[in-house]
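1. Model the structure of this input:
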Amino acid sequence: MANVCTFGGQQSFTRSYLNEAYLWYREVPAVNAASFTTIPSYFEALLTPLLDSTGARKDRFSFVITNAQADTSASGVGASYGAEFIVDSADRIRVAQVEPSSPAATAGLARGGEIVRGYSGTLFPSQAGVSITVSYRPTPTDTARNVTMVSAIVQNDPVPQVKAFQTASGKKLGYVLFNSFSTGAQDKLISAVLSLRSLGLDSMVLDMRYNGGGFLYTAQSLGSMLTSTANDGKVFERLQYNDKRAAETADSTFNFTGSLEVGETTYRRGYALPRLALPKVYVLTTGDSCSASESVINGLRGVDVQVVLIGSTTCGKPYGFARKDNCGLSYYPIEFQGTNAKGFGDYPAGFTATCNVADDLTKPLGDATEGMLSAALVHADTGACPAVRTTATERPKSQSALQAELAAIGKPAKPGKLVSPK
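-> Model prediction:
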């Protein structure tokens, strides 16, 4: 029933596609199709109701969005106010970062600011030209003022910062703020590594605290650049599909590699990747660090690169999917679970931070005194976590609570570990 765009035809497609592609197709519950009035609600009802080892719903990741929303998520270009909003542990809507020259930047929003609850409209517009007026304060203790933003087509920068730091003992660390595995991110990561390679780095800090994932080929390239040629040919991530797709499982492995397997605009397929050959990598993480971000952590650990996590527990998504379009909708049912070179891929509870450090919204990202980055620099010198006090309002939230709050403020679903056609 593909491309039969009556409501009944779309329901038939949805059910048959899940039966074919869904990792947990055996667990799809019986539902009355006639009781649903939208395809997304019908799709949601068909997802496995079973719980994982943490007691959370096993499939809290599959979703359906429009083709236009899917295009925006993959490319990083779309209608928005140009700000990343998060919910802190005091249940406040905070500004995590702002794209330069965006409507949010023009309105004066900046990292650490608070959007006071009670506004009318959405912080996540689906088209340009949508106006919203909110009560905003630069910090939670400041006086609020009204600001108006009009959404526009914004290009989100997946790699907005590349820096190098030298610690007190002389260790050299690269720093890359990496926000999304979207189209073009691989090109920017390669350029970042090329700019840092001559510095003789002792380690790298990947700031993926807000990186919800994206294309797995970019994760493969990033992992490969951080390691040495000795790991080439070893498994970065092996995809395990359902039992109907055994042939795909046998032929679906992303290996550490010396050359690009998927090219973008600047660096084409076959380009020889620069290699840093690092024995240790620092990753700054929160509950928003998800999917392909976790693939980098798991893949590197699979070949015994020491990965030190600074921040809080990651989201816990060892699963992924490919986009499937039908009748104006893009389907993302979980299709596979990824495992590393050691066969490990069971982390639904996320990866626990080595050093628990709160996201320091009082400092700019990339500032050496910002809490999480500062902790990484201290650990690089001492091998120990710094004595960081976390107040009651700074404790990281559980992932389930975070997801519920983001859903409550209308934050749209975003593809995480996405396989791109090669």
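2. Just list the residues touching Pro103, thanks.
-> 81-82, 149-152, 154 (CB atoms under 8 Å, 6 or more residues apart in numbering). Placement of C-beta: from N, CA and C, glycine included.
3. What of Gly320?
-> Contacts of Gly320 (CB under 8 Å, 6+ apart): 216, 239, 291-292, 334-336, 338, 416-419.
4. any idea of the pLDDT on it?
-> Gly320 is assigned a predicted lDDT (pLDDT) of 96.
5. Surely it forms part of a strand?
-> Yes - according to DSSP: H, G, I helix; E, B strand; the rest coil, Gly320 belongs to a strand.
6. which residues does it form a beta bridge with?
-> Gly320 forms beta bridges with Phe336, as assigned by DSSP bridges.
7. Longest helix in this structure, by number of residues?
-> Criterion DSSP state H: the longest helix present in the chain is helix 7-21.
8. Quick check: next helix or strand after that one?
-> Next along the chain after helix 7-21, taking DSSP states H and E as the criterion, comes helix 39-46.
9. where are the low-confidence patches of the protein?
-> By pLDDT under 70, the weakly predicted segments of the chain are 1, 388-415, 420-422.
10. how about the helices in it?
-> Secondary structure of the chain, counting by DSSP H: helices at 7-21, 39-46, 67-75, 103-106, 185-197, 216-226, 246-250, 292-302, 371-382, 399-408.
11. out of these, which comes closest to Leu329?
-> Proximity to Leu329, assessed across these by CB to CB, is greatest for helix 39-46 (6.1 Å).
12. So which elements touch the closest one?
-> If contacts are counted by 3 or more CB pairs under 8 Å, 6 or more residues apart in numbering; DSSP states H and E, helix 39-46 sits against helix 7-21, strand 63-66, strand 329-332.
13. export it as CSV, just CAs?
-> This file holds the C-alpha atoms of helix 39-46, laid out as CSV (Å, rounded to 0.1, in the frame of the first residue of the first chain):
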residue,chain,number,x,y,z
ILE,A,39,-1.1,8.4,11.3
PRO,A,40,1.4,9.4,14.0
SER,A,41,-1.0,8.3,16.7
TYR,A,42,-1.6,5.0,15.0
PHE,A,43,2.1,4.5,14.5
GLU,A,44,2.7,5.2,18.2
ALA,A,45,0.1,2.7,19.2
LEU,A,46,1.9,0.0,17.2
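14. Which positions in that helix come out as buried?
-> 39-40, 42-43, 45-46 (16 or more other CB atoms under 10 Å).
15. got a markdown table for those, with distance to Val28 too?
-> Below are the buried residues of helix 39-46 laid out as a markdown table (distance: CB to CB, whole Å):
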| residue | distance to Val28 |
| --- | --- |
| Ile39 | 15 |
| Pro40 | 16 |
| Tyr42 | 12 |
| Phe43 | 11 |
| Ala45 | 9 |
| Leu46 | 5 |
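16. In contact with the residue most central in space within the chain, which residues?
-> For the chain, the residue nearest the mean C-alpha position is Gly212 (1.2 Å; CA atoms, centre = their mean). By CB under 8 Å, 6+ apart, the contact set of Gly212 is 180, 288-291, 293, 315, 414, 416.
17. which one among those gets closest to Cys385?
-> Using CB to CB, the contacts of Gly212 come closest to Cys385 at Ser289, 18.0 Å.
18. isn't that closest one right up against Phe181?
-> No - applying CB atoms under 8 Å, one finds Ser289 not in contact with Phe181, separated by 11.6 Å.
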